Every structure is written in C-alpha cells, then in structure tokens.
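Visitor: here is my input; please provide its structure:
(one chain, ligands or ions: 1)
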Amino acid sequence: MLQSAWSSGLINRALKATTPTAFTAVRPLRTFGHSPSVAAAASYARRVGVRMDASRGVATATADKPTKAFPGAGDFLPLEGFEHMEIYCSNAKQAAHWYQSVMGFQPLAYSGLETGVKDKTSYVLRQGNMTLVLTSSLVPNSHIDKFVSSHGDGVKTIALRVPDARQAFAETTKRGAPAHMEPTEVSDANGTVVMSGIQTYGDVVHVFIERKNYNGLFLPGFQPWSPPFRAPPVGLERIDHIVGNVDWGQMDKWCKYYEDVMGFTNLISFDDKDISTEYTALMSKVMTSGTGYVKFPINEPAKGKKKSQIEEYLDFNNGAGAQHVAIATKDIISTVSQMRQRGCEFLYVPGTYYDTVTDRCGQIDEDLEALKQQGILVDRDEDGYLLQIFTKPVCDRPTLFFEIIQRKGAQSFGKGNFKALFESIEEEQRRRGTL
Ligand SMILES: [Fe+2]
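Guide: Now for the predicted structure:
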C-alpha cells in the first residue's frame, strides 16, 4: 500500500513539502522544471532516494521501501494510520441504526449494561477499514452528556494507531500537547491494548492505540454485536482525511500544534482568494503525517460580506470541532447511488456545473451523465483526478457532515470545486436563515 502510494505521486508532494520557496501551497509541480530552486530540489531528491525528471518536474521513487512520503514531517511517533473515530451522541442506539441503514456500516462490537459497563453505551461499526464508535451516556452530567449538550452529536475521538502508545504519549506531551489519557493498559482474554491520549482543538481528542498484543474484535471489554438487522455495505473503504474548524485567527496556531506536537508537515494551503464566493470566505491548511496516512485540514473563517459556513459551524458547535470526515471509496457512483436510495441527503450542484467539467478536467473514465445524475464533482491536479461529493449535515445542528471521495491519482482536495460547493452551502445557509 505504501509502495503504491509512493509510486503514484506522493513523492511529488514530498518534494513540494520540503522545498518551501518553490512549492508552497498549490503551486503546480509542472513549474518545477522552470523554478530557480530546481538544482536544490534535484539535490534533495537524490538525498532522499528519488529520481527527478527535470524537464517535466516529475519525480519517481528509486528507493525500495521509503519510510516517509513527506520527508518534511518530523513524524516521530510514527503514526500507522487512523484506528477509529468515536462520535458522542444523544442516542447511540438510534444513531447506530442510521449508520447501518444509510451509510452501510456493519455491526461489530458492543459495550454497555449487558457487558458490565454502567455509565455509557457504545456501538462499534465497521466498513472496509473504517471503524466507527457511537457512544452515549447512561447517567446525567457525565462528560459525554456535557459534550453533547455543548456541541450536539459530534466527533469526540480521532484514534490513531501507533507502534508504541507510551512513547507516543511521551513524545507529544513533552512537545507541549495537553494530556487527555495517561498511558493505560487494558486487557481481556484476547490480549492487551495500550492506550494514551492528548487533547486537540475544541473538545476533540487524539487517542493513541497500540494493539500489537491484541487479537480481539475491537478493544478489551467489548463483546461481539450481531443484531438480526443487516444492511449491505455501500463500498466505503477508509478515512481519507478529517477536517477541523477552528476560531478566527486560530488556523496557524493549530497547524503549528500538529507540526510541533505530532511531527506533521503542511501539505497545501488555501487562502481566502482560493476559497471565496461573492458572500463568504474561509482559509484552510492541510497538515499531513510523514507517512501520508493521516491528513488533517484545518479551516478558519475569513471576512466576507455575509456569515461563512465556518462561522455558522462555530456558532452551532459552540466552538471548534471536527467539521467533516472524508471517506474513500473505489466506486463513487455505486456508493453514492446506494446512499441516496437509502435516504442520505447530499449537497446540490446545478446541472450547468457539468457543462465545463471536460474543459476543466479533461477525459475521465466515468460516464459524465452518471456523475451528473448523482451530483458527483470532479477535479484534476498534476497527479490525476478525483471525484467527490458532500452530504448535508448528518445531525440536527448544521455541523458534522461527510465527504465521499474517490481518488484516481489526485492527492489534492478538490480546489476546482470550491466555488460550486460553497455556493451550494450558502444556499443551504440561506434556507436555515444563518447566512
Ligand atoms: Fe474534505
């Protein structure tokens, strides 16, 4: 998997990420060959074991097993990938039914009164490599209750897999991360898991999970959950990225946090000129782990004529939090059509969007009419193209939503779709009276 990611274009990002003057933000790599920094970049490419075609600015791997896709990242943990994501909700039982029936997640494990847990209940669902935990409180005034009262249903835990959770805790806290959970061993008949955790923006936490000595279904204490109701999966595969919305002027602070504390590097930056419509604007920076497996874009509002979607989020979420979770699929047309049939609501883009798709993105494998029918957007970068679509908010408050994404080479985030998307979101805001 690493090898294919490496050879399919991540190394281009590696070069960008480590030559700051030539490759900041969204500058296309094809300018590489004409850059005054080309000699420095070529020298860097030799050092890290890649070969660069200076005429096209294309780099290919020569090393057999690179340890990093983004050498600019410190990556001292190192992160092995997303482990699971936990949503705190007011009614986990009903939420679990929605995630099964609409999004195709499969029941996996359970903890609650029947398993001896008296204060909370958790349903664990899985689809592809993505594990989702839905938790609600069984007692008043718990931290879960307080979270839901303050933010509504939302992402509490972004758990990350590490080879050594004690070391991950030591490395991050000594660099300034506030502790959330001291290293803790939990065991059952299936072995032992070591967990630790740190706080991040808002009330969101990162929990580091070391599970090399565990072969149970999920975590110790959970029992298999096998209800009679099963809805088929829809082809969701894994978390691609999770976006955080932070308050005015806080984006750089949180990007620096990921850089300092977790050894991430800045992959791409978008300013308010990239992401603005007639009325609203935002700024965004994408932070990535060295392996490229974990990406956290961070958004903050920017000044516009009217209230931006980020301000609306901050109002309803009562501060910073996780805005959207992008989930990758290998067949977005099939995934989205199944989700639509099951009642998932997606943002609407006008049919005229498709009039210029081929001009903007060139030839693509998919049938344009099928994409139009499902409202799926297309964007291209120097590595390939991507297909993406966004759900409407999935809870009562206009906060958390999902992105469904299929990458066909492209490693970017759909910059060419920002304008159409944000106009669509503005239309939703107008209907909510929050623009
Ligand atoms: Fe996204």
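Visitor: which helix or strand contains the nearest residue to residue 263 once chain neighbours are set aside?
Guide: Setting aside the residues directly before and after it, residue 263 is nearest to residue 74 in space (CB to CB, 6 or more residues apart in numbering), at 3.1 Å. No exception for glycine: its C-beta is placed from N, CA and C like everyone else's. Secondary structure from DSSP states H and E places residue 74 outside every helix and strand.
Visitor: and residue 74, how close does it get to residue 288?
Guide: Using CB to CB, to the nearest Å, residue 74 is found at 12 Å from residue 288.
Visitor: when those two are compared, which one has more neighbours?
Guide: Neighbour count, other CB atoms under 10 Å: between residue 74 and residue 288, residue 288 has more, with 27 against 19.
Visitor: check contacts around that one.
Guide: 13, 17, 70, 73, 264-267, 294-296 (CB atoms under 8 Å, 6 or more residues apart in numbering).
Visitor: would you list every one of the helices in this protein?
Guide: 2-5, 11-18, 20-23, 38-47, 92-101, 143-151, 165-174, 251-262, 309-317, 332-341, 357-361, 368-374, 418-432 (DSSP state H).
Visitor: residue 376 and residue 332 touch, don't they?
Guide: Yes: counting by CB atoms under 8 Å, residue 376 does reach residue 332; the two are 5.7 Å apart.
Visitor: check contacts around residue 249.
Guide: residue 300.
Visitor: ignore what I typed, I meant residue 78.
Guide: Neighbouring residues of residue 78 by CB under 8 Å, 6+ apart: 162-163, 263, 289-291.
Visitor: per-residue pLDDT, residue 353?
Guide: pLDDT, residue 353: 88.
Visitor: spatially nearest residue to it, not counting backbone neighbours?
Guide: Residue 353's closest residue in space is residue 420 (CB to CB, 6+ apart), at 5.3 Å.
Visitor: check residue 91 too.
Guide: Spatially, and ignoring its direct neighbours in sequence, residue 91 is nearest to residue 136 (5.9 Å; CB to CB, 6+ apart).
Visitor: any common contacting residues for residue 376 and residue 332?
Guide: With CB under 8 Å, 6+ apart, residue 376 and residue 332 have common neighbours 387-389.
Visitor: export the residues you listed to a markdown table and tack on pLDDT and distance to residue 123?
Guide: Below are those laid out as a markdown table (pLDDT from 0 to 100; distance: CB to CB, whole Å):
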| residue | pLDDT | distance to residue 123 |
| --- | --- | --- |
| 387 | 97 | 30 |
| 388 | 96 | 28 |
| 389 | 97 | 26 |
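Visitor: any weak-confidence spans in the stretch 1-150 of the chain?
Guide: Along the stretch 1-150 of the chain, the parts satisfying pLDDT under 70 run over 1-68.
Visitor: for the helices of the chain, which one ends up most surrounded?
Guide: helix 11-18 (a mean of 25; mean count of other CB atoms under 10 Å).
Visitor: return the residues of this structure in contact with the ion.
Guide: 326, 403 (CB under 5 Å from the ion).
Visitor: again, only this time at 8 Å
Guide: 240-241, 243, 297, 324, 326, 388, 390, 403, 405, 413-414 (CB under 8 Å from the ion).
Visitor: what about these, which are in strands?
Guide: Among these, the ones falling in strands (DSSP state E) are 240-241, 243, 297, 324, 326, 388, 390, 403, 405.
Visitor: report the buried members of the residues you listed.
Guide: 240-241, 243, 297, 324, 326, 388, 390, 403, 405 (16 or more other CB atoms under 10 Å).
Visitor: okay, those residues in a markdown table with distance to residue 380 next?
Guide: Below are those laid out as a markdown table (distance: CB to CB, whole Å):
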| residue | distance to residue 380 |
| --- | --- |
| 240 | 17 |
| 241 | 18 |
| 243 | 21 |
| 297 | 19 |
| 324 | 22 |
| 326 | 18 |
| 388 | 12 |
| 390 | 18 |
| 403 | 17 |
| 405 | 14 |
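Visitor: and which of those residues is nearest to residue 232?
Guide: residue 405 (20.7 Å; CB to CB).
Visitor: bridged to the residue nearest to the closest one when sequence neighbours are not counted, which residues?
Guide: Nearest residue to residue 405 in three dimensions, chain neighbours excluded: residue 388, at 4.6 Å (CB to CB, 6+ apart). For residue 388, the beta-bridge partners are residue 377, residue 405 (DSSP bridges).
Visitor: need the contact list for residue 388.
Guide: Taking CB under 8 Å, 6+ apart, one finds 326, 332, 376-377, 379, 403-406, 414, 417 in contact with residue 388.
Visitor: now do 10 Å
Guide: Counting by CB atoms under 10 Å, 6 or more residues apart in numbering, residue 388 makes contact with 240, 326, 332, 336, 376-379, 403-407, 410, 413-414, 417, 421.
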